[in-house]
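K.L.:
With the sequence up front, the predicted model follows.
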There are 2 protein chains.
Amino acid sequence: MPGLSAQCCDLLHIRQNVAANVERTMPSEDALFELSELFKTFGDSTRIRILFCLFIDEMCVCDIANLLGMSQSAISHQLAVLKRQKLIKARRDGKAVFYSLADDHVRTIINQGMDHVNE
Amino acid sequence: MPGLSAQCCDLLHIRQNVAANVERTMPSEDALFELSELFKTFGDSTRIRILFCLFIDEMCVCDIANLLGMSQSAISHQLAVLKRQKLIKARRDGKAVFYSLADDHVRTIINQGMDHVNE
DNA sequence: TGAGCATATGAACAGATATGCATATATTAT
DNA sequence: ATAATATATGCATATCTGTTCATATGCTCA
């Protein structure tokens, strides 16, 4: 097959249906972007530690900062990231803002990741 | 309570058991590192697209590069990242190296993420 | 052995990102 | 209103990361 294997091994051509299946099952560009953004959000140990705090109970910024031994600013920045991704929600009570998990999906995803790590 | 609320609201002190529960359930530093590294690996749309390819079938580097319209080098680098995380495995067949999913855990985690995105 | 193809890899660079610092906003109490 | 506290946010920066380019390695065939 001259011409077909110009810049690649021609093994793909042997299984043409594979390429079609990839095309069919590959999510849209938007979905791929959102998916990777979601995982990127989990891909930072500070944010993961924040989520483990919120697994226990809702907490204000300062509580989290104290528990994790980090600055208020660092925590607030990361809470903003988590909120932008709709993984957590905020509730103001006087001067304090209490953060909590947006839904239990978050817990499921993290636990799934933990399962993979623990083995 | 003078002294106790020096650098933070003292709300945490009201629920002392919360702090204890956080301590108890927070994974070790090593586990947190591995967990965030795992999610970090999923946090790139190129790597996710590679995984969606491998959901269909094992593939050589060049197949993937062609399917995704990216350079051989870029794909090879990302395959190395995925392999370092033990998410995929490699099998050499002559000049080609075929990559495939290491286990079905990968599929589960990605699907879980997709569920969260699709709603 | 040498040519050619598939893949791996190191260096460099551009773009992203987590944190600290300074400061703004919001709420409460005096 | 003023002060004090809790949080948010813009900017600067050091670090990390994805891609490209050039080249090395590994395999096959003539």
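P.N.:
Good, I have the coordinates.
K.L.:
Residue ranges in chain A under the pLDDT threshold?
P.N.:
Scanning chain A for pLDDT under 70 picks out the ranges A:1-8, A:10-14.
K.L.:
Share the number of residues neighbouring the residue in chain A that DNA strand C sits nearest to, please.
P.N.:
Residue nearest to DNA strand C within chain A: A:C9 (2.8 Å; Cβ to the nearest atom of the strand). Quick note: C-beta positions are derived from backbone N, CA and C, even for glycine. Using other Cβ atoms under 10 Å in any protein chain shown, the number of residues around A:C9 comes to 16.
K.L.:
Look at A:V97 and give its secondary structure.
P.N.:
Judged by DSSP: H, G, I helix; E, B strand; the rest coil, the three-state class of A:V97 is strand.
K.L.:
hang on, it packs against A:K83?
P.N.:
No. With contact defined as Cβ atoms under 8 Å, A:V97 does not count as touching A:K83 (10.2 Å).
K.L.:
can you map out the helices along chain A?
P.N.:
Along chain A, counting by DSSP state H, helices occupy A:11-14, A:16-25, A:29-42, A:45-56, A:61-68, A:72-84, A:105-117.
K.L.:
Now render these as CSV, adding mean neighbour count and distance to B:I75.
P.N.:
Listed next are the helices of chain A as CSV, based on neighbours: other Cβ atoms under 10 Å in any protein chain shown; distance: least, Cβ to Cβ, whole Å:
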stretch, mean neighbour count, distance to B:I75
helix A:11-14, 15, 13
helix A:16-25, 13, 14
helix A:29-42, 18, 16
helix A:45-56, 21, 28
helix A:61-68, 21, 37
helix A:72-84, 16, 29
helix A:105-117, 17, 23
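K.L.:
before we move on, the earlier item: which residues are common contacts for A:V97 and A:K83?
P.N.:
A:A90 (Cβ atoms under 8 Å, 6 or more residues apart in numbering or on different chains).
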